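Peer 1: predicted model follows, preceded by the sequence.
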Amino acid sequence: MTSLWLAEAPPIPTDDFLPGAHYDEVIVGAGLTGLVSALLLARSGRRVAVLEARTVGAVSTGNTTAKLSLLQGTQLSKIRSTLYQSATQAYVDGATAGFDWLLRYCELRGVPVERRDAYTYAATPDGAAQVEREYEVARSTGLPVQRVNDVELPFPTFGAVLLPDQAQFDPLRVLAALAEDVRALGGVIHEGARVTRVAASSPTRVVTSLGDLAAERVILATGTPILDRGLYFAKLSAHRSYALSARVPEEQLPDGMFLGAETPTRSIRTHGDLLLTGGNGHAVGRHPSPQRAADELLDWTLRYWPGADVTHTWSAQDYSTPHHVAFVGFLPRGRGRIYLATGYEKWGMTGAVTSALTLHADLLGGRTDWQRTLHRRFTTPEAIGRGIGENAAVGWWYLKGYAHALSTPLPQTSPAEGEGVVGRRGVRPVGLSTVDATTCAVSAVCPHLGAALTWNDAERSWDCPAHGSRFSASGTRLEGPATRDLTPVN
């Protein structure tokens, strides 16, 4: 599954790794958060290095639907249900700052941007109340939203919220421009440099697969933190969702960006002459068949756009916080030398830039009112309740995973192509899979905190239902809080 953006990505030059080099800031992760942070710091005269375990944009940014909008489904009403009005206002003010910064940057650098109206629509009568709630909360923050009764989509709708003049673009074009500017200012970008450890010494020591680096400060911009300080893996919930692009007759292309209020969510936008749809999200590692979720999105798309010719299919991983506001700032027990940004809840195009602006202010000074408000560590009863519920679910998946693995003998024959099974070999859970005619046996225990893994039949990967780490069929780490590969089993 390769996204439209990654399949058509422009070349992005990077730099040779120099073991032992010393920088002012090392940024872990070359997505939108990492590269905007790097550019802001490099513009301030800082010596910056960006480390990427895979390739630039390979994970979250390269698999987004790339909608830049201040109307974000029902996000504002979710925030208001767990926090207070001042925090909701600060979220909108921060998102507006990120929105404006990114639009100005794209205009300056000649990155194509299509302005579109954004809609949050109700696909059922029950969803109309959610739409109305989002309208009221958005209006209370000063956003110029409008009620709309009729949305021009090929299926019935029951009202919508409209926010005019939002934006959509190709995120890899943005990353290519950012990377070029970072390097022009003396920054370096290293691909294939997986960070496995950061020592919060003075200077910090950053241990990577290519060698060690030193830095005054480190920013973790990796989707979810790869360090366990602060226990953010227990404060976040990981979700996968699906997307596709397809050719349809020009007259069938919708004129706007749309997101449904109900579950399963359905996202709709265009890219040139292509239709893009997305949705059918689920918790990582907890769906009995991720392929079925992807197939349901395809079936839904073909139902309303008959004859759509699919060009690309892909999926993305996003992280949500108990209060629906990103965690941004210093990492606890990092001695003021390690910072993080995580938990954009599928709205990374604004969230990434908002976080980068906040990190720049944290490191160099000049916080705004909205940054000071969002820096508070929110602990409302509603947010605490969500966190307790998520961790209870994690505990249940530990029990379920081991009960299944230890009660199921590992098959003696290889699985069919594209299939994977977890079973017991001796007293340990083992994952056995066949991908591209190659059968691999690996430990089915997540090296992060030991949960039993499940097979993802859509992406042919081993996924952790506890904290969202993912691994290839042969055991190579793909994403999540784990820093080590799976152990091969002979």
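Peer 2: Received it, and whenever you're ready, just let me know what you need.

Peer 1: hey, let's count contacts and neighbours off CA atoms from now on
Peer 2: Will do.

Peer 1: what's the helix ranked longest in the chain packed up against?
Peer 2: Criterion DSSP state H: the longest helix present in the chain is helix 381-407. When contacts are defined as 3 or more Cα pairs under 8 Å, 6 or more residues apart in numbering; DSSP states H and E, helix 381-407 sits against helix 75-82, strand 420-425, strand 428-435.

Peer 1: make a markdown table from the ones you listed and add distance to L453, mean pLDDT and mean neighbour count to it.
Peer 2: As requested, these are exported to a markdown table (distance: least, Cα to Cα, whole Å; pLDDT from 0 to 100; neighbours: other Cα atoms under 10 Å):
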| stretch | distance to L453 | mean pLDDT | mean neighbour count |
| --- | --- | --- | --- |
| helix 75-82 | 30 | 96 | 20 |
| strand 420-425 | 8 | 96 | 22 |
| strand 428-435 | 8 | 97 | 23 |
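
Peer 1: nearest to L227, of the ones you listed?
Peer 2: Using Cα to Cα as the measure, strand 428-435 is the one of the helices and strands packed on helix 381-407 that comes nearest L227, at 25.3 Å.

Peer 1: just to revisit the earlier point, mind listing what's buried in the longest helix of the chain?
Peer 2: Neighbour-count burial for helix 381-407, with 16 or more other Cα atoms under 10 Å as criterion, is recorded at 383-384, 386-387, 390-391, 394, 397-398, 401-402, 405-406.

Peer 1: farthest-separated two in those residues?
Peer 2: Going by Cα to Cα, the pair spanning the buried residues of helix 381-407 furthest: A383 and L406, at 35.0 Å.

Peer 1: hang on, A58 packs against W5?
Peer 2: No: counting by Cα atoms under 8 Å, W5 is not a contact partner of A58; they are 9.8 Å apart.

Peer 1: those helices in the chain, which residues are they?
Peer 2: 4-7, 32-43, 75-82, 85-109, 127-140, 171-184, 290-304, 348-364, 369-374, 381-407.

Peer 1: report the contact partners of the nearest residue to R266 once chain neighbours are set aside.
Peer 2: In space, and not counting its chain neighbours, R266 is closest to G279: 4.8 Å by Cα to Cα, 6 or more residues apart in numbering. By Cα atoms under 8 Å, 6 or more residues apart in numbering, the residues touching G279 are 241-243, 264-267, 297.

Peer 1: 6 Å instead?
Peer 2: 241-242, 265-267 (Cα atoms under 6 Å, 6 or more residues apart in numbering).

Peer 1: quick one: pLDDT of C106?
Peer 2: Looking at C106, its pLDDT stands at 98.

Peer 1: an error on my part: the question was meant for P381.
Peer 2: Looking at P381, its pLDDT reads 63.

Peer 1: check I388 too.
Peer 2: On the pLDDT scale, I388 is placed at 69.

Peer 1: next one: P306
Peer 2: 96.

Peer 1: for the nearest residue to G351 once chain neighbours are set aside, phi and psi?
Peer 2: Closest residue to G351 apart from its sequence neighbours, by Cα to Cα, 6+ apart: Y344 at 5.6 Å. For Y344, the backbone dihedrals are phi -90, psi -10 (criterion: degrees, to the nearest 10).

Peer 1: isn't Y344 up against A326?
Peer 2: Yes: between Y344 and A326 there is a contact under Cα atoms under 6 Å: 5.4 Å.

Peer 1: just to revisit the earlier point, just grab the bridge partners of the residue nearest to R266 for me.
Peer 2: Y242, R266 (DSSP bridges).

Peer 1: mind checking how far it is from A243?
Peer 2: Distance, G279 to A243, using Cα to Cα, to the nearest Å: 7 Å.

Peer 1: could you do R376 as well?
Peer 2: Distance, R376 to A243, by Cα to Cα: 34 Å.

Peer 1: and V161, how many neighbours?
Peer 2: Neighbour count of V161, defined by other Cα atoms under 10 Å: 28.

Peer 1: and it, bridged to which residues?
Peer 2: With DSSP bridges as the criterion, V161 is bridged to T120, R147.

Peer 1: residues contacting it?
Peer 2: Applying Cα under 6 Å, 6+ apart to V161 gives the contacts 119-120, 135, 146-148.

Peer 1: list just the nearest of those residues to Y339.
Peer 2: Lowest distance from Y339 to the contacts of V161 (Cα to Cα) belongs to T120, with 33.5 Å.

Peer 1: T74 is in contact with that closest one, correct?
Peer 2: No: using Cα under 6 Å, T120 is not in contact with T74, being 7.3 Å away.

Peer 1: who has more neighbours, these two?
Peer 2: T120 (29 against 23).

Peer 1: can I see the domain layout of this protein?
Peer 2: As assigned by automatic domain parsing, the chain contains the domains 4-63+172-232+324-380, 113-166+235-320, 386-479.

Peer 1: count the residues that sit near the residue nearest to D457 when sequence neighbours are not counted.
Peer 2: Nearest non-adjacent residue to D457, counting by Cα to Cα, 6+ apart: Q291, 5.6 Å away. Using other Cα under 10 Å, Q291 has 16 neighbouring residues.

Peer 1: pLDDT at Q291, what is it?
Peer 2: Confidence at Q291, expressed as pLDDT, is 98.

Peer 1: output the lowest mean pLDDT helix or strand found in the chain.
Peer 2: Every helix and strand in the chain was compared by mean pLDDT, DSSP states H and E; the lowest is helix 381-407, with a mean of 81.

Peer 1: count residues in the vicinity of the nearest residue to Y398 once chain neighbours are set aside, would you?
Peer 2: Leaving aside its sequence neighbours, Y398 sits nearest to A451 (Cα to Cα, 6+ apart; 5.5 Å). Here the count is done by other Cα under 10 Å, and A451 has 23 residues near it.

Peer 1: ok so, going back, Y344 and A326 - which one has more neighbours?
Peer 2: Neighbours per residue (other Cα under 10 Å) separate Y344 from A326, with A326 holding more: 24 against 21.

Peer 1: could you pull out the strands in the stretch 201-350 of the chain for me?
Peer 2: Residue ranges of the strands in the stretch 201-350 of the chain, as given by DSSP state E, counting those that start in this stretch, are 204-208, 211-220, 237-247, 257-260, 266-271, 274-283, 309-320, 327-330, 338-342.
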